[in-house]
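Visitor: Build me a model from this:
(one chain, ligands or ions: 2)
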Amino acid sequence: MVTDPLVRLDRASRAYPRTGVALRPVSFTLARREFAYVVGASGSGKSTLLRLVAMIDAPTEGIVEVAGFSSTTIRPREVPVLRRRLGVVFQDFRLLPDRTVEQNVAFALEVTGVPRQEVWARSAHRLAQVGLAARGRAFPHELSGGEQQRVAIARALVHDPVLLLADEPTGNLDPRAAAAVHQLLDEIHAQGTAVLMATHDVAQVRRAGRRLLLLREGALVHDGTAELAPRGELAVGQGGRR
Ligand SMILES: Nc1ncnc2c1ncn2[C@@H]1O[C@H](COP(=O)(O)OP(=O)(O)O)[C@@H](O)[C@H]1O
Ligand SMILES: [Mg+2]
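Guide: Ligands and ions are numbered 1, 2, ... in the order given. Sure, this is the predicted structure:
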C-alpha cells in the first residue's frame with residue numbers, strides 16, 4: 001500500500017503585500033517519522049515555510065498538504081484539529097508568564113476537554129521527558145532560557161503530535177542549552193515523531209548528517225545532506241542570526 005507523505009508542498013509560494021515574495025514556489029515532501037532541517041540566512045524564508053506547514057498562513061499559490069489536510073480544502077473549523085496533530089516551538093518560548101510550568105503544559109490539553117486526571121498524567125510524563133519533573137511548580141521567569149525552551153517542547157508534545165515544527169528553538173540559548181535542545185529533539189524523533197527544524201546551528205547540522213532544506217532569498221536551492229550543499233552556502237546562514 002502506498003502511504004501519503006506526512007507533509008507535501010507542491011509549488012507552494014507566499015507573498016506579502018508590502019514586502020513582496022517571501023517564499024518562491026517550493027516543492028518537497030516529508031515522510032512520517034522523518035527529520036529535516038530548514039536552513040538559510042536571516043530573511044531567506046524559513047519561518048514563512050514553517051508557517052505554511054502549520055497552516056498558520058495559507059500559500060499565495062500552490063498546495064500545502066499536512067497529515068491528510070490540504071490548504072485547498074481545509075475548513076476554518078478543521079484548522080484546530082490539524083494544529084492538535086502538530087507541535088510548534090518558537091525561538092522565544094512563548095510560555096504564559098502567570099502560570100506555572102505544569103499549568104503551561106497542561107493548559108494545551110485542558111482546553112480540548114481531556115479528563116483532569118489524564119491531563120496531569122500526560123503533562124507530568126512530558127515534563128519528565130524533558131528533564132523538568134521537579135520544576136512543575138516554578139514559574140517561567142524562575143527558569144533559565146534552556147529550561148523554558150524545554151517546557152515549551154513538553155507543551156508541544158502533550159498532544160502526542162505526528163510532527164514537531166521548531167523555528168530556531170536554540171536561537172536564544174547558550175551553546176550548552178542549545179546542545180540539550182538538539183539532543184532532546186533527536187530523542188523525540190527516535191521515538192517516532194517527524195521533526196522539521198529551522199536552525200542557524202551549522203555545526204550541529206553538519207554533525208547530524210541529516211537531510212536539510214536550504215533556502216536562499218525565498219528559493220529552495222538544496223534538498224539533501226550538508227556535504228552536497230552548494231559551497232559556502234551553509235556559512236551564510238550562520239552569520240544571519242538575529
Ligand atoms: N508577516 C509578514 N509580512 C510581510 N513580510 C513578511 C512577513 N513575514 C515575513 N516577511 C518577509 O518575508 C521574508 C522571509 O522572512 P522569514 O520567513 O521570516 O525569514 P527567516 O525566518 O528565514 O528569517 C523576509 O523578507 C520578511 O521580511
Ligand atoms: Mg525566522
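
Visitor: which residue is nearest the centroid of the chain?
Guide: Taking C-alpha atoms, centre = their mean, the centroid of the chain lies closest to residue 165, which sits 1.6 Å from it.

Visitor: Pull stretch 219-229 out as CSV, backbone CA atoms only.
Guide: Extracted C-alpha coordinates of stretch 219-229, given in CSV (Å, rounded to 0.1, in the frame of the first residue of the first chain):
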residue,chain,number,x,y,z
ALA,A,219,14.0,29.8,-3.0
LEU,A,220,14.7,26.2,-2.1
VAL,A,221,18.2,25.8,-3.5
HIS,A,222,19.2,22.4,-2.0
ASP,A,223,17.4,19.4,-0.6
GLY,A,224,19.9,16.8,0.7
THR,A,225,22.7,16.4,3.1
ALA,A,226,25.2,19.1,4.1
GLU,A,227,28.1,17.6,2.2
LEU,A,228,26.2,18.1,-1.1
ALA,A,229,25.0,21.7,-0.3
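
Visitor: That stretch: which residues count as buried?
Guide: Within stretch 219-229, the residues that count as buried by 16 or more other C-beta atoms under 10 Å are 219-220, 222-223, 226, 229. (Each C-beta comes from the backbone N, C-alpha and C, glycine too.)

Visitor: Tabulate the residues you listed (a markdown table), appending pLDDT, secondary structure and distance to residue 158.
Guide: Conversion of those to a markdown table gives the following (pLDDT from 0 to 100; DSSP: H, G, I helix; E, B strand; the rest coil; distance: C-beta to C-beta, whole Å):
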| residue | pLDDT | secondary structure | distance to residue 158 |
| --- | --- | --- | --- |
| 219 | 97 | strand | 36 |
| 220 | 97 | strand | 32 |
| 222 | 95 | strand | 34 |
| 223 | 96 | strand | 31 |
| 226 | 85 | helix | 32 |
| 229 | 84 | coil | 35 |
